[in-house]
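Asker: can't give you the sequence, but here's the structure:
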């Protein structure tokens, strides 16, 4: 993306990338309140419930830097959109999971998508904003990360109590589809 092209649509790019910056940490924190219910309904062992959360976080941590590097070389926007697609597919898989293996595999897929979202979001914002506006833009983007982390547990509790644990994943699907269409 050339600076001239990015600067003209910089606020749209910031909004677009802030959705992904919000979604990835939201899914890391929303599951914490759903695990007891998920564990009992799916017959997960204590270790199995730990792996449901760890599979996502470990996948993100391991892939964050290598996927960010690839995105820098081959196109950040394309990798960001791929991240949205993987995250959305992983969310669908997790919502439809019938046991620990399918749920953990879906969480790994979500973690791949989350790594792509996290590694490309700030890079896209940095490229879209001129140096004199970059600090404010990055602050808004990082605020989205912390909003996701903070809203995860209360939203998870609301969804699990009011609907079912499946909804902590299903809520991502319309958002992911909307972002892919927007992109």
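Answerer: Noted; the coordinates are in hand. Since the model is a prediction, treat every value here as computed from it, not as a measurement.
Asker: excluding its backbone neighbours, what's nearest residue 182?
Answerer: residue 16 (6.1 Å; Cβ to Cβ, 6 or more residues apart in numbering). From N, CA and C alone the C-beta is placed, and that goes for glycine too.
Asker: ok, now residue 80?
Answerer: Leaving out its chain neighbours, the residue that sits closest to residue 80 by Cβ to Cβ, 6+ apart is residue 120, at 4.2 Å.
Asker: helices and strands around the helix or strand containing the one you found, which ones?
Answerer: With secondary structure defined by DSSP states H and E, residue 120 is part of helix 100-128. If contacts are counted by 3 or more Cβ pairs under 8 Å, 6 or more residues apart in numbering; DSSP states H and E, helix 100-128 sits against helix 3-8, helix 10-42, helix 46-74, helix 76-95, helix 131-162.
Asker: tell me the contacts of the residue nearest in space to the middle of the chain?
Answerer: Centroid-nearest residue in the chain, with Cα atoms, centre = their mean: residue 24, separated by 2.2 Å. With contact set as Cβ atoms under 8 Å, 6 or more residues apart in numbering, residue 24 has these partners: 60, 87, 113, 114, 117, 118, 145, 148.
Asker: give the contact list for the last one.
Answerer: Read that as residue 148. Contacts here follow Cβ under 8 Å, 6+ apart; on that basis residue 148 touches 21, 22, 23, 24, 25, 26, 27, 28, 29.
Asker: returning to that earlier point: the residue nearest to residue 80 and residue 165, how far apart?
Answerer: 29 Å (Cβ to Cβ, to the nearest Å).
Asker: neighbour-wise, which of these two wins?
Answerer: Remark: of residue 120 and residue 165, residue 120 carries more neighbours, 27 against 24, as counted by other Cβ atoms under 10 Å.
Asker: Relative to residue 64, how far out is the more buried one?
Answerer: Taking Cβ to Cβ, one finds residue 120 at 10 Å from residue 64.
Asker: can you check residue 108 too?
Answerer: According to Cβ to Cβ, residue 108 and residue 64 sit 14 Å apart.
Asker: on that earlier part again, among the helices and strands packed on helix 100-128, which is nearest residue 182?
Answerer: helix 10-42 (6.1 Å; Cβ to Cβ).
Asker: so which of the contacts of residue 24 comes closest to residue 181?
Answerer: Distances from residue 181 to the contacts of residue 24, taken by Cβ to Cβ, are shortest for residue 87, at 14.8 Å.
Asker: which one is that closest one nearest to, not counting chain neighbours?
Answerer: residue 113 (2.9 Å).
Asker: cool, and residue 126?
Answerer: Closest to residue 126 by Cβ to Cβ, 6+ apart is residue 134, at 6.2 Å.
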